[in-house]
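A.B. asks: compute the structure for the input listed below.
(one chain, ligands or ions: 1)
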Amino acid sequence: MAHKSASIILPSEITSEALFHDRRAVLAMGLAGAALGAATPLTALADIPAERYKAARNARLSVTETANTFEEISGYNNFYEFGTDKSDPAANSRNFKPLPWNVTVDGECEVKGKFALEDLLAPQTLEERVYRMRCVEAWSMVIPWVGFPFAELLKRHKPTSKAKYVAFTTLNDPKQMPGQRERVLDWPYVEGLRMDEAMNPLTLLAVGVYGKALPNQCGAPLRLVVPWKYGFKGIKSIVRISFVEQQPRTSWSHAAPNEYGFYANVNPAVDHPRWSQATERRIGGSLLARRQATLPFNGYADQVADLYKGMDLRRNF
Ligand code: MTE
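C.D. replies: This next block holds a predicted model:
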């Protein structure tokens, strides 16, 4: 089972392999920066075989804590495009269509264009990573994601030296996303990372959970996972990835700059203005169970603390 997913070749992968070489050829002709892609017709091929999600676990980058159940992971969500209660995303995203799906890659990179999801996925080996996740609202979960490192996507799109940040944008479609009919946030949802954060091996683009495609409420078909940061950095249902020179204006830091910073590193020493971040409640545990201590960088300090050397994390929260 372990490497089966990697060896499955989709018809569209064959196309995209050819396309990839076409793109290289165009680049070689000196047309670097030309809009590439948008060439794969979206047909029934946009259906990704279930086997693709049964990925081998990356044990080195996985925690050994017991994972939350599928029911917990898919029944207690933040996805304001479908409503603000934890049960709203599951209830209101049933008719959401995550396929066919296109992702625009643009900005300061050599290989840009609009890519069908299956073409973005085609060259990637999916892996399972069990990550500890911490929401800014002081609850946590352990989630077995299936995805590929963002660094792999980055390699193929070749950001230029001007690219200092990556901005991510969620689909804007009030017809499918009823929460967008209310001005809860300045839609579409936007998030961002500094380039070195995006390239860190922990940063994952997830397409599945528990060996299955992501349920709609979890951000189908493609979402970001950054386990050392508060959950709001993990933008869902991504349609655009832009390499940019300036720090992007993100939805939450724009809505409430004193409460939600751009960095949003999990930090038990820096309280939210309205509550402490020192402890957290693990979803699924008994309500009477003691809260557990929150760890700096959510327990991933060894892997990421160096990224912030010399920065005052009280100011850059
Ligand atoms: N992405 C979008 N587009 N819209 C959202 O409202 N909520 C964020 C993040 N990504 C959100 C989003 C918040 S606050 C959290 S805690 C995580 O998604 C929750 O992810 P989960 O529901 O898969 O646990």
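A.B. asks: can you map out the strands along the stretch 1-150 of the chain?
C.D. replies: Assigned by DSSP state E, counting those that start in this stretch, the strands in the stretch 1-150 of the chain fall at 35-37, 102-107, 112-116, 127-134, 139-149.
A.B. asks: between the ones you listed, which one is closest to P174.
C.D. replies: strand 102-107 (18.6 Å; Cβ to Cβ). All C-beta atoms are positioned from the backbone trio N, CA, C, and that covers glycine.
A.B. asks: alpha carbons only: can I get that closest one in PDB?
C.D. replies: Provided in PDB are the C-alpha atoms of strand 102-107 (Å, rounded to 0.1, in the frame of the first residue of the first chain):
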ATOM      1  CA  ASN A 102      -8.300  25.500 -11.000                       C
ATOM      2  CA  VAL A 103      -5.500  27.200  -9.100                       C
ATOM      3  CA  THR A 104      -3.900  30.400 -10.500                       C
ATOM      4  CA  VAL A 105      -0.100  30.700  -9.800                       C
ATOM      5  CA  ASP A 106       1.100  34.200 -10.500                       C
ATOM      6  CA  GLY A 107       3.200  37.100  -9.400                       C
END
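A.B. asks: all further residue positions should be reported with the first residue as 19.
C.D. replies: Sure, I'll start counting at 19 from here, so that last one is strand 120-125.
A.B. asks: tell me the strands beside that strand, with direction?
C.D. replies: In the sheet, strand 120-125 lines up against strand 130-134 (antiparallel), strand 256-262 (parallel) (DSSP bridges).
A.B. asks: list the contacts of A73.
C.D. replies: 23, 143-146, 164, 226, 229 (Cβ atoms under 8 Å, 6 or more residues apart in numbering).
A.B. asks: please repeat the previous calculation with a cut-off of 7 Å.
C.D. replies: By Cβ atoms under 7 Å, 6 or more residues apart in numbering, the contact set of A73 is 23, 144-146, 164.
A.B. asks: quick check, nearest of those residues to the ligand?
C.D. replies: Of all the contacts of A73, V164 has the smallest distance to the ligand: 13.1 Å, by Cβ to the nearest ligand atom.
A.B. asks: nearest spatial neighbour of the closest one, skipping sequence neighbours?
C.D. replies: Counting by Cβ to Cβ, 6 or more residues apart in numbering, V164 lies nearest to G226, which is 3.3 Å off, once chain neighbours are set aside.
A.B. asks: could you list the contact residues of this structure toward the ligand?
C.D. replies: Neighbours of the ligand within the chain, by Cβ under 6 Å from any ligand atom: 95-99, 153, 188, 207, 236-237, 249-250, 252-255.
A.B. asks: hmm, try it at 8 Å
C.D. replies: Taking Cβ under 8 Å from any ligand atom as the test, the list of the chain residues beside the ligand reads 91, 94-99, 107, 151, 153-155, 159, 161, 188, 197, 203, 206-207, 209, 235-237, 241-242, 248-255, 269-270.
A.B. asks: out of the residues you listed, which sit inside helices?
C.D. replies: The helices, defined by DSSP state H, take in 91, 107, 269-270 from the residues of the chain next to the ligand.
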